[in-house]
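> model the structure of this input:
(chains A and B)
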Amino acid sequence: MPSRYFIVLLTILIPLSGFRPQPMSSAFPYAKMGLTDRQAAAHLLSRFTYGATPADIDAAIKMGLENWFNRQLQANAKDEVLGKRLTSFQTLNMSNEEAVEQFVRNGQLLRMAAEDGVISKDSLQKDTNKEAYRKKLQAYAASKGLKPQKELIKEFISHKILRSIYSENQLQEVMTEFWFNHFNVSFTKPQSIPFIPSYERDVIRPNALGSFNTLLLATAKSPAMLMYLDNFSSSGENSKMAARQNQPAKAKRPKGLNENYAREVMELHTLGVDGGYTQQDVTEAARVFTGWTIYPRGESAGAGMIQKALQQKGEANLRAAGFVIEKDFLFTPNRHDDGSKKVLGKTFPAGGGYQEGVELLSMLARHSSTAKFISRKLAIRFASDNPSPELVSKLSDTFLQTDGDISRMLRTLVSSQEFWSPESIRQKIKSPFELTVSALRVLEADVRQPHHLFEWMNRMGQKIYFYQAPTGFPDKGEYWINTGALLNRMNFGLALATGKIPGIKFDVLGLNRNHEPGSANEALEAYANLFLPERELMPTLERLTPLLNDPQLPEKVQAAAATAPAPPEQDDPLDASEGDMHSGITDNNDYRLSQVIGIILGSPEFQRR
Amino acid sequence: MISRRAFIKAGGLTLFGIGMGGVPGFVARAAYREKLGSKKILVCIFQRGAMDGLMAVSPFTDPHLKASRPDLFLSASGSTPGLTDLDGTFGLHHAFNSFVPLFKEGRLAIVHGMGSPNPTRSHFDAQDYMESGTPFNKGTASGWLNRAAKLTGHDASPFAAVSLTSSMPRSLYGDHPALAVQNLKDFAVQVKGDRAGAAMAAKSFEDLYDQASSDLLKEKGSESFEAMRMIGSLKWPTSVDAPYPASPLGMALKQIAVLIKSDVGLEIAFAESTGWDTHFNQGTLNGPFARNASDFSKSISAFWEDLKNYQDQVLVMTMTEFGRTVKQNGTRGTDHGRASCSFILGNHVKGGKVYGTVPSLAVENLEDGRDLPVTTDFRSVFNEVAAKHLQLKETTDLFPGWKGNSLGILPAR
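Here you go, the predicted structure:
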């Protein structure tokens, strides 16, 4: 381990040379950029958490911003509050194997039921008996312990929303979202579905603040990625399998090289589209990754084959023959192209097996194009949509010097003047996910049915975990802000504040220390300060107060209600079954106050972070 | 105590109701464009699940088809013919009957043997490739319809590219502004059960966004309120005007027709039809396929009827990710195959003809010995239709890396 020697060497050298590593607590140059401690804290927390209350900001100042940041980088808060909220989630710690076995697609269920003779071939043609047919299928599923995949999805998404609201390790959650989106996989590909909860839990989150190289390798070997970008099916022309298939009797459906993962790992995960690779590099890299596949489970043919091989030859012999078995990952030499390859100028000699893939990923992870590409993405996420080249270059230097240490890059970011500059402060538009979570955080809401929020995020333009393309959601304001999405952001603020989203409770007056605002101005000011700490709010307040103080308001309200185009009632399909838990706002006065709050949450200022 | 709460009693905030406030800016821009002579609308309908092209437009004279599909084969003759003979070679499934007059009038063309050069038989992959328009590259960030919208070169109305779906389809991913909305009537500031509150909130939001210090929020805010007022004033057709089925596709097309008739600058519209994955009991004259086909064709013909004064502007093109096996499977359905067919409807279409190549279905002619081979690359058809109908000057970016000939479904420009 050269890095360990390096650290030992450093500790010896530092006292002699008189060089001391900068204490972490003096690194944030916000005072130089003209910011007060409170302004700085508000900015810091707006970027590295999903939203902060004035109390959160006070706490961070008390702790010291540097200490606060370091603690977030360590991400070792116990999260007891969150833990309690997640106890009822059955699938939280479910393995890939269990998820595959329990959660099936409708088509799968139908096929299994037909094979077991539970439904007859003709039953679908008889429209009349649909209900009985459905019940039969349900009973069959229950008897086999099978559940529809949409339940897995619902629970996973609910869990993610709760985690983002309540986790004390906010930065870890923010970075988990960042890397999931960077290494995107999607529920839109049905075969990937059972693998995605574990992908986030075991592959992304533990590595979100660690080493880029480790993260890259973990994604490459994850069943979610192997499935989503098809590498699981890729096999080489010089492989034993190809040799068998060339016998004409077996040439049923030719399998072969699939370049999808090899292309996207360079274009989207590491080098970037202009990172300096060619189509030839893609093809050669695809050859390197042949044989990287998912360890087959359950009753698939592949599972039978590997079990048979394990029984006949023994695991030790298989490993000696070049097989790699690690949980859900399988490297099978039978599908691997054994010839020599050349990627980005580097030759991988024949017979490299599994290890050459690891080497290639490591090479990609350390490439200068990767350093730039990742740095720019981080700068866009945390500084602004158009980060300065200087900032990107600082981050890129850290990436190269620290071998892709993500925490060190984030530290470089907050140590830069660019991060604290006017070009950065309040210049990011919240994604619908960020907007939703931040609203619940500032309301200190008790969220019992988080899945209702998923539908709202979709209406606002972000169907989380369903982005189909491997690019992930674009990270820029123009993408999120369009006419339909913007109206739904306003509607979300109103619906949330007025208690129209089921399963969410909050205490409007309690937020203001049980003090009831005496006037419109006071209400606006009090709640705007609560929800938008350290913002320049005068433009907002000045604009609204003359309207609020209009003596003829009561008559105008009546008139407006009579003449306004009737907005149709929204049909929330999820409402009917479980609409019993509202925010408890029954009093008309509180209702009007909650409307003021809705307007603050839907205001332009609240859309920014 | 009471006076302290007066603001709340009064309703807290202010009013909507200043009236139409003039013509929205984007409508004016769209009207201007109309003067310049370009006002064409491309409506794309994706049939998700892979439509069995061999049952929809059936090469019924081919003895191999009858042999491969003992339970699914339909004939164009006999006492209850399942097909309408189009040209002596192909027969249209009777559930598509409302297409027959459009075909005979020469406004409906069919392309058969169409599909992707990528042989994947995964729904997800094949749809992804067809919608991105790059059949061998998953990382393409944009969808082909988004690129088409961009290539029109028009200053975009918020309604230039609209998908009547709950979330944005892959076809419209991209930099060019596009809108996904399942129900246009949701296009409003609304509070359940509180119209007055919603109206007041709308006015407050309008004021706030007008003052927003972010240009993006200010500009899009203003457009949103223009759009909202406009949608609020639209006239909706009654069932007498056009007999749309009460299905998701019917509702989507009905709304697209409203946008077209309202001159809001629509150029590209997208809708979906689902349920084509007929592995089990596909049926013949009845059953899942026939039900879907009937909804599909009735929705489209109602749309066409609804647009009787606008037909010259509009072209409808349908697409599906792949076709289905020539042979029926063990559960009287069909499995994932390769080529299928596409319907193209418009007054300028050189219709009344089945384009493309469908060879004899003898095993040696089939792709991998089982499927109708792809003889026309979908990009050739999409490219021709979009380029000619939307009058695109430059199309090299529409399907990156693709070069090919068109079939001549539309007259040369």
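> for stretch B:59-67, list every residue counted as buried.
Buried residues in stretch B:59-67, counted by 16 or more other Cβ atoms under 10 Å in any protein chain shown: B:Pro59, B:Phe60, B:Asp62, B:His64, B:Leu65. In short, each C-beta sits where N, CA and C put it, glycine included.
> max pairwise distance over those: which two?
For the buried residues of stretch B:59-67, the farthest-apart pair by Cβ to Cβ is B:Phe60 and B:His64; their separation is 11.4 Å.
> what ranges do the strands span in chain B?
If DSSP state E is used as the criterion, the strands of chain B fall at B:41-47, B:57-58, B:83-85, B:91-93, B:108-115, B:161-163, B:179-180, B:268-273, B:314-320, B:340-345, B:353-356, B:376-377.
> turn these into TSV, columns for mean neighbour count, distance to B:Asn292 and mean pLDDT.
Converted to TSV, the strands of chain B look like this (neighbours: other Cβ atoms under 10 Å in any protein chain shown; distance: least, Cβ to Cβ, whole Å; pLDDT from 0 to 100):
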stretch	mean neighbour count	distance to B:Asn292	mean pLDDT
strand B:41-47	24	8	98
strand B:57-58	26	15	98
strand B:83-85	18	17	97
strand B:91-93	24	10	98
strand B:108-115	27	17	98
strand B:161-163	27	20	95
strand B:179-180	22	23	92
strand B:268-273	24	7	98
strand B:314-320	24	11	98
strand B:340-345	26	13	98
strand B:353-356	19	21	98
strand B:376-377	19	23	98
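> ok, B:Arg291 - how many residues close by?
Residues within reach of B:Arg291, counting by other Cβ atoms under 10 Å in any protein chain shown, total 15.
> for it, give me its contacts.
B:Ala95 (Cβ atoms under 8 Å, 6 or more residues apart in numbering or on different chains).
> of all the buried residues of stretch B:59-67, which comes closest to A:Tyr199?
B:Leu65 (44.2 Å).
> for the closest one, give me its contacts.
B:Leu54, B:Ser58, B:Pro59, B:Phe73, B:Val326, B:Leu361.
> now with 10 Å, please.
B:Leu65 makes contact with B:Leu54, B:Met55, B:Ser58, B:Pro59, B:Leu72, B:Phe73, B:Leu74, B:Val326, B:Lys327, B:Ser360, B:Leu361, B:Leu372 under the criterion Cβ atoms under 10 Å, 6 or more residues apart in numbering or on different chains.
> how near is it to B:Leu92?
15 Å (Cβ to Cβ, to the nearest Å).
> and if you look at A:Leu593?
For A:Leu593 relative to B:Leu92 (Cβ to Cβ), the value is 62 Å.
> ditto for B:Leu54
12 Å.
> for A:Ser143, same thing?
From A:Ser143 over to B:Leu92 (counting by Cβ to Cβ), the distance is 44 Å.
> show me the shaky parts of the stretch 451-600 of chain A.
A:539-540, A:545-590 (pLDDT under 70).
> B:Arg107 touches B:Lys353, doesn't it?
No. Using Cβ atoms under 10 Å, B:Arg107 makes no contact with B:Lys353, being 11.1 Å away.
> could you look up the SS state of the nearest residue to A:Ser95 once chain neighbours are set aside?
Nearest non-adjacent residue to A:Ser95, counting by Cβ to Cβ, 6 or more residues apart in numbering or on different chains: A:Ser198, 6.7 Å away. Classification of A:Ser198 using DSSP: H, G, I helix; E, B strand; the rest coil returns helix.
> now do the contacts for A:Ser198.
Counted by Cβ under 10 Å, 6+ apart, A:Ser198 has contacts A:91, A:93-99, A:156, A:204, A:222-224, A:327-328.
> now that we have the residues you listed, which of them are buried?
Buried among those (16+ other Cβ under 10 Å): A:Thr91, A:Met94, A:Asn96, A:Glu97, A:Ala99, A:Phe156, A:Ile204, A:Ser222, A:Pro223, A:Ala224, A:Asp328.
> now those as JSON lines including secondary structure, distance to chain B and pLDDT?
What follows is the buried ones among the contacts of A:Ser198, written out as JSON lines (DSSP: H, G, I helix; E, B strand; the rest coil; distance: Cβ to the nearest Cβ, whole Å; pLDDT from 0 to 100):
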{"residue": "A:Thr91", "secondary structure": "coil", "distance to chain B": "22", "pLDDT": "92"}
{"residue": "A:Met94", "secondary structure": "coil", "distance to chain B": "23", "pLDDT": "95"}
{"residue": "A:Asn96", "secondary structure": "helix", "distance to chain B": "19", "pLDDT": "94"}
{"residue": "A:Glu97", "secondary structure": "helix", "distance to chain B": "22", "pLDDT": "92"}
{"residue": "A:Ala99", "secondary structure": "helix", "distance to chain B": "18", "pLDDT": "94"}
{"residue": "A:Phe156", "secondary structure": "helix", "distance to chain B": "18", "pLDDT": "97"}
{"residue": "A:Ile204", "secondary structure": "helix", "distance to chain B": "19", "pLDDT": "98"}
{"residue": "A:Ser222", "secondary structure": "coil", "distance to chain B": "17", "pLDDT": "98"}
{"residue": "A:Pro223", "secondary structure": "helix", "distance to chain B": "16", "pLDDT": "97"}
{"residue": "A:Ala224", "secondary structure": "helix", "distance to chain B": "14", "pLDDT": "98"}
{"residue": "A:Asp328", "secondary structure": "coil", "distance to chain B": "20", "pLDDT": "94"}
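> list the contacts of stretch B:232-246.
Under Cβ under 10 Å, 6+ apart, the answer for stretch B:232-246 is A:564-567, B:16, B:20, B:98, B:184-185, B:187-188, B:250-255, B:257-259, B:261-262, B:264, B:294-308.
> can you pull out the helices in the stretch 101-250 of chain A?
Ranges of helices in the stretch 101-250 of chain A, per DSSP state H, counting those that start in this stretch, are A:106-115, A:130-144, A:149-166, A:170-182, A:196-198, A:212-220, A:223-228, A:240-245.
> mean pLDDT lowest where, among the ones you listed?
By mean pLDDT, the lowest-scoring of these turns out to be helix A:240-245, with a mean of 69.
> next helix or strand past that one?
Using DSSP states H and E, the next helix or strand after helix A:240-245 towards the C-terminus is helix A:260-264.
> I'd assumed B:Val43 was in contact with B:Leu249.
No. Between B:Leu249 and B:Val43 there is no contact under Cβ under 10 Å: 11.5 Å.
> what is in contact with the two at once?
By Cβ under 10 Å, 6+ apart, the residues touching both B:Leu249 and B:Val43 are B:Leu164, B:Ala271, B:Ile300, B:Phe303.
> and A:Gln607, how far is that from chain B?
To chain B, A:Gln607 is 6 Å away according to Cβ to the nearest Cβ, to the nearest Å.
> same check, this time on A:Gly351
Applying Cβ to the nearest Cβ to A:Gly351 and chain B gives a distance of 29 Å.
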